[in-house]
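Engineer: Provided below are the primary sequence and the corresponding predicted coordinates.
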2 protein chains.
Amino acid sequence: MKKLKRSARLVEMTQYLLIHPHLLIPLTTFAERYNAAKSSVSEDLAIIKEVFESEGLGKLHTLAGAAGGVKYIPKIPKDLSLEMMKKICKLLEEPGRILPGGYLYMSDILGQPVYINEIGKMFASIFSNLEIDVIMTVETKGIPLAYAVASYLNLPVVIVRRDNKVTEGSAVSINYVSGSNKKIRMMTLSRRALKEQSKVLIIDDFMKAGGTIQGMKDLLEEFNAKVVGVGVFVESREEGFDDHLITDYVSLAKITSVELKSKKISVYPGNYFDNE
Amino acid sequence: MKKLKRSARLVEMTQYLLIHPHLLIPLTTFAERYNAAKSSVSEDLAIIKEVFESEGLGKLHTLAGAAGGVKYIPKIPKDLSLEMMKKICKLLEEPGRILPGGYLYMSDILGQPVYINEIGKMFASIFSNLEIDVIMTVETKGIPLAYAVASYLNLPVVIVRRDNKVTEGSAVSINYVSGSNKKIRMMTLSRRALKEQSKVLIIDDFMKAGGTIQGMKDLLEEFNAKVVGVGVFVESREEGFDDHLITDYVSLAKITSVELKSKKISVYPGNYFDNE
């Protein structure tokens, strides 16, 4: 590669780091790529690091030594996340979202890649210190979120299905009780999808009683896999009630009441922001 | 905001452009953001433009005048896409993917955000000149692809469901004939999900006879929406057979044969690369 000027090198390295999060990149990779001295590369990285940190984009971890290099860890500061979530809570409180049965229509928000990417980056920040092998979700609406988180953590995704598809090969199925309406439902995961002993982060868009997430946990036991974290975008928790089957989870928003008559919906930032 | 040096400004603008594709950003936005002269911003953009183009990241379109600004259009050169797709074709030819019935297991590839993002960027490049309001897909495996494309095109996604969920509100359902096994199936789309007259790009992971995509087209007619493009990641087309219900589509890979006995799978780059 032809020798690049510092200015061009900075643009190049910035884009390279952004699309390779959570990957240790040896300084020699950059030095060779740009035909530049390692010392110049280090100076460039110092500039990028400062901008990334002041912009709330994340950290650049530099490891010294022969096996050293640089790693970009996407990390949104909590106050920025809170600001963003307050806006989303306002959107969720729009009276027109109320559906028959007191359900809330959220598919428009979950259909916007801009929100999905922001929420994904929040979860990636929250779980950035965990050792994770794979992100798991259940179809359908949690899928884009799971991929956004996985993209920022540089991890693969496995999708639990509600049905047993021929295109998934042999699969493990379990029945579980959907917590909110006590219906018995099925979920199934391809045998090939998950190695034994995997460390799994569960991501879903919505949690009411937590039956679906408990189902995923039960399913993971069949694979001898270990749940290392659970993140839900929105939880629904009526004031005074504390009937969650799942207690160890991170939520970003919390619906506390949906009044059908007055069409008043109350949504607050989730438990991640408690004690702020 | 404090005045940034050129070096810091380049890093800042690079990341800003990358996360805001297909959005016209007035030069004054950058000038005010960095407390810099417009002429300096223009010089910065020229540097970024050159690196983006030489790296195959895409184009920076600059529009002069009062209503002017800069827009980042992700665009992978066709030769780079072909190189990437040849690697993916090799992966798809691994004999271990064959499932009973001659189906191919692809969920591992579709579970890797790195591939999904690359494929998404390819489709976003291919369809970058179309006027599109929304990306549509049908659950389940096409969802991450649709979001990746949408992310690079700065568009929303609507998901067609196989069932009628209470959380989607009133919906339009149609029955369609799945082309490969002639089964009658249902698909449904929330009334709220799509405005009348929308211009829709359909994205899916797999197409055999094309019954599912024909179903989506029929469903879109109920919304008076217009299909402006169809992109499928992998099409299956046996040599000598030409039984696709759909003719106007772009594919990135093509499975031409799956021999159960010898476990030989043949996969080639799709019709996007024809005549290369």
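Structural biologist: Received the coordinates, thanks. Numbers count the residues shown, from 1 in each chain, chains lettered A, B, ... in the order given.

Engineer: Make sure residue A:71 is indeed in a strand.
Structural biologist: Yes - assignment of residue A:71 by DSSP: H, G, I helix; E, B strand; the rest coil places it within a strand.

Engineer: contacting residues around it?
Structural biologist: A:22, A:23, A:24, A:25, A:60, A:61, A:62, A:63 (Cβ atoms under 8 Å, 6 or more residues apart in numbering or on different chains). Where you see a C-beta, it was placed from the backbone N, CA and C, and this is true even at glycine.

Engineer: Confirm the fifth one sits in a helix?
Structural biologist: No - using three-state DSSP, the secondary structure at residue A:60 is strand, not a helix.

Engineer: That one contacts residue A:17, correct?
Structural biologist: Yes - here residue A:60 reaches residue A:17: they are 7.1 Å apart, a contact under Cβ atoms under 8 Å.

Engineer: Who has more neighbours out of these two?
Structural biologist: residue A:17 (24 against 18; other Cβ atoms under 10 Å in any protein chain shown).

Engineer: ok so, going back, check the contacts of residue A:71 and tell me the two furthest apart.
Structural biologist: Greatest spacing in the contacts of residue A:71, by Cβ to Cβ: A:22 and A:62 (14.5 Å).

Engineer: which one of those two has more residues nearby?
Structural biologist: Counted by other Cβ under 10 Å, residue A:22 and residue A:62 do not tie: residue A:22 has more neighbours, with 17 against 14.

Engineer: okay, the residue nearest to the more buried one when sequence neighbours are not counted: pLDDT?
Structural biologist: Nearest non-adjacent residue to residue A:22, counting by Cβ to Cβ, 6 or more residues apart in numbering or on different chains: residue A:154, 4.0 Å away. pLDDT for residue A:154: 98.

Engineer: ok, so what distance separates residue A:154 from residue B:113?
Structural biologist: 8 Å (Cβ to Cβ, to the nearest Å).

Engineer: and the two? which has more neighbours close in?
Structural biologist: Shown here are residue A:154 and residue B:113; by other Cβ under 10 Å, residue B:113 has more neighbours (25 against 18).

Engineer: Report the buried residues of whichever strand or helix holds residue A:219.
Structural biologist: Following DSSP states H and E, the helix or strand that holds residue A:219 is helix A:211-222. Neighbour counts using 16 or more other Cβ atoms under 10 Å in any protein chain shown place A:211, A:212, A:213, A:214, A:215, A:216, A:217, A:219, A:220 of helix A:211-222 among the buried residues.

Engineer: which residue sits closest to residue A:170, ignoring its sequence neighbours?
Structural biologist: Nearest to residue A:170 is residue A:191, by Cβ to Cβ, 6+ apart, at 4.8 Å.

Engineer: you'd agree the one you found is up against residue A:164?
Structural biologist: No - Residue A:191 is beyond contact range of residue A:164, at 11.6 Å (criterion: Cβ under 8 Å).

Engineer: the more surrounded of those two?
Structural biologist: Using other Cβ under 10 Å as the criterion, residue A:191 and residue A:164 rank with residue A:164 on top: 15 against 12.

Engineer: Using the three-state scheme, assign that one.
Structural biologist: coil.

Engineer: is it possible to export the buried residues of helix A:211-222 to JSON lines including pLDDT and distance to residue B:103?
Structural biologist: Output for these, formatted as JSON lines (pLDDT from 0 to 100; distance: Cβ to Cβ, whole Å):
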{"residue": "A:211", "pLDDT": "92", "distance to residue B:103": "31"}
{"residue": "A:212", "pLDDT": "93", "distance to residue B:103": "27"}
{"residue": "A:213", "pLDDT": "95", "distance to residue B:103": "30"}
{"residue": "A:214", "pLDDT": "95", "distance to residue B:103": "31"}
{"residue": "A:215", "pLDDT": "95", "distance to residue B:103": "26"}
{"residue": "A:216", "pLDDT": "97", "distance to residue B:103": "25"}
{"residue": "A:217", "pLDDT": "97", "distance to residue B:103": "29"}
{"residue": "A:219", "pLDDT": "97", "distance to residue B:103": "22"}
{"residue": "A:220", "pLDDT": "97", "distance to residue B:103": "25"}
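
Engineer: Thank you kindly, that will do.
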